[in-house]
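>>> all I have is the shape, not the residue letters:
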């Protein structure tokens, strides 16, 4: 008699090696993308959210800070206040250092150049030069929690590895609310699902993006 083989499905959180106490490593989010998402699927997060910039009272330089009109909030943005502070002064220029809401440095940008990492903006030179310590604050809020399977060719933020699906979720016909792992944990790399056809270099880049969130692939 022919017997039908039984195939065991993916278990919720089966890819986790360790995580923070309580549920600190997990968030609730919207699973989207018209796809069946498996536990261990590496996810990107579509860009969304609001940002507002303000010059620090007492700035010497009077250059103009302009958030990008289309996508002021980009992949892996965090809610809170970003600090953009002049680190090097120069005639008709200068360099600003960008700090995320936790106080970590995420990059430098020259006056007149576009900064595009978590937030996107440009600082124009003014009639009065900036001095070291001049500052702009960028407040990010109402971030999107729409997660989709990581897409390496996307330009909407979902090309950046931002989370891992905790469970199997069928979002084929409609978006679903689900649990995602977003920070401070260790995961089994052999239990993760990357985009079909992803190269070793692309997986390595995605692994680094997860590591920046505290998700360590073992």
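Sure thing, it's come through. In this text, all values refer to a predicted model and were calculated from it rather than measured experimentally. Residues are numbered from 1 along each chain as shown.
>>> separation between the residue nearest to the spatial centre of the chain and residue 66?
Geometric centre of the chain, nearest residue: residue 76, 1.0 Å, by C-alpha atoms, centre = their mean. Going from residue 76 to residue 66 by C-beta to C-beta, to the nearest Å gives 21 Å. In this view, the C-beta of every residue, glycine as well, is placed from N, C-alpha and C.
>>> and the residue nearest to the centre of the chain, its phi and psi?
Per-residue torsions, residue 76: phi 70, psi 20 (degrees, to the nearest 10).
>>> with residue 39 instead?
Torsion angles, degrees, to the nearest 10, at residue 39: phi -60, psi 130.
>>> residue 95 too?
The phi/psi pair for residue 95 (degrees, to the nearest 10) reads phi -130, psi 130.
>>> confidence score at it?
Among the per-residue scores, residue 95 shows a pLDDT of 98.
>>> helix, strand, or coil at residue 85?
Residue 85 falls in the strand class when you classify it by DSSP: H, G, I helix; E, B strand; the rest coil.
>>> so who does it touch?
Neighbouring residues of residue 85 by C-beta atoms under 8 Å, 6 or more residues apart in numbering: 96-97, 99, 133-135.
>>> what number of residues lie near residue 55?
Number of residues near residue 55 (other C-beta atoms under 10 Å) recorded here: 16.
>>> before we move on, what about the one 5 residues further on?
Neighbours of residue 60 under the rule other C-beta under 10 Å: 14.
>>> need the pLDDT of it.
For residue 60, the model assigns a pLDDT of 98.
>>> quick one: the helices in this protein?
Taking DSSP state H as the criterion, the chain carries its helices at 200-211.
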